[in-house]
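Student: Need the 3D shape of this:
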Amino acid sequence: MALPRQAAWLDPRLGRLALHAVLLAYTALALFPIALILVNSVKTRAAIFDDPMALPTMDSLSWIGFEKVMASTHFLGYFANSLTVTLASLVLIVGFGAMAAWALSEYEFPGRRVLAVFIAFGIMIPIRLGTVSILELIVALDLVNTLTALVLVYTAQGLPLAVMILSEFVRQVPTELKDAARCDGVGEFRIFFQVVLPLLRPAIATVAVFTMIPAWNDLWFPLILAPAEQTRTVTLGVQQFIGQYVTDWNSVLAALSLAVVPMLVLYALFSRQLIRGLTSGAVK
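Tutor: Now for the predicted structure:
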């Protein structure tokens with residue numbers, strides 16, 4: 001008896017449908033907490049506790065949380081602090097990370113492999129294990145309650161991963177391009193900034209997403225290094241609405257909604273470059 005050429009469960013269309021179903025389920029699972037925060041941020045306190053899954057109605061719709069956040073706190077100042085720290089850290093991570101990746105991938109020098117292993121340890125060892133030493137160093141440099149302290153810590157935290165990601169992409173830059181530039185008398189700095197760096201845009205977008213989110217969402221180091229009112233970040237500012245016995249959930253959810261919007265916008269802007277960077281790294 002002749003066997004069917006292909007079993008039904010091996011049909012490529014069924015495989016694609018199953019893959020899309022899994023991806024949609026994962027997307028729904030990832031977006032559910034964000035949607036829950038956004039929905040409940042515009043509801044009354046009673047409606048939040050009565051049915052947190054329900055959409056706001058005309059009776060339960062309330063903007064009191066946003067009004068409290070804007071009126072009783074310096075939220076715009078917190079927002080500006082978070083934005084400044086995140087963008088400054090990102091610029092330093094991308095700049096120094098790309099240059100380090102270029103040096104480790106392009107040149108042979110004594111200790112290169114040891115340095116690469118040392119940088120790799122930075123990915124495996126959490127930076128929070130060195131909190132006491134970091135605090136002592138920040139105090140010695142007189143940088144307590146400054147945004148500079150946070151920028152330095154986040155730069156050190158993001159550099160190892162950035163170097164590893166960018167190194168992989170630097171190795172994929174065709175040698176012919178670099179050799180042709182050298183034959184034309186172009187210096188190494190110009191080769192890096194004018195030839196190599198523009199080709200790293202997908203990798204830079206990947207590094208940006210992986211480093212922006214931890215810096216923006218961090219509570220640990222702002223609480224320890226910069227707890228003053230003028231240097232508070234968004235995540236630290238939200239904590240003032242959370243008490244030991246009473247929590248103003250309207251204000252908490254409203255502040256979290258305002259805090260999550262910038263990351264969603266930036267991810268939407270960089271998503272195409274991010275996907276290209278991840279897939280290029282996987283294929284190559």
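Student: What does L61 show for phi and psi?
Tutor: Here is the backbone geometry of L61 (degrees, to the nearest 10): phi -70, psi 130.
Student: which residues touch I224?
Tutor: 131, 135 (Cβ atoms under 8 Å, 6 or more residues apart in numbering). C-beta here means a position set from N, CA and C on the backbone, and glycine is covered the same way.
Student: Near E106, how many other residues are there?
Tutor: 17 (other Cβ atoms under 10 Å).
Student: What's the separation between the nearest residue to it once chain neighbours are set aside and L199?
Tutor: In this structure, E106 finds its nearest non-sequential neighbour in V170, 7.0 Å apart by Cβ to Cβ, 6 or more residues apart in numbering. Using Cβ to Cβ, to the nearest Å, V170 is found at 9 Å from L199.
Student: Mind checking which of the two has more residues around it?
Tutor: Higher neighbour count among V170 and L199: V170, with 23 against 14, using other Cβ under 10 Å.
Student: can you pull out the strands in the stretch 101-250 of the chain?
Tutor: Assigned by DSSP state E, counting those that start in this stretch, the stretch 101-250 of the chain shows no strands.
Student: Specify which residues of it, grouped into ranges, have pLDDT under the cut-off.
Tutor: Scanning the stretch 101-250 of the chain for pLDDT under 70 picks out 244-245.
Student: mind listing the helices for the chain?
Tutor: For the chain, the helices defined by DSSP state H cover 12-40, 45-50, 64-72, 75-106, 112-124, 131-140, 147-170, 175-183, 188-190, 197-199, 201-217, 220-225, 234-238, 249-283.
Student: Output the contacting helices and strands for the first one.
Tutor: Read it as helix 12-40. Identification of packing neighbours for helix 12-40 by 3 or more Cβ pairs under 8 Å, 6 or more residues apart in numbering; DSSP states H and E yields helix 249-283.
Student: who touches the residue positioned nearest the centre of the chain in this structure?
Tutor: Centrality entry for the chain: nearest residue to the mean C-alpha point is I213, 2.5 Å, by Cα atoms, centre = their mean. Listed by Cβ under 8 Å, 6+ apart, the contact set of I213 reads M263.
Student: make it 6 Å
Tutor: Contacts for I213 (Cβ atoms under 6 Å, 6 or more residues apart in numbering) come out as none.
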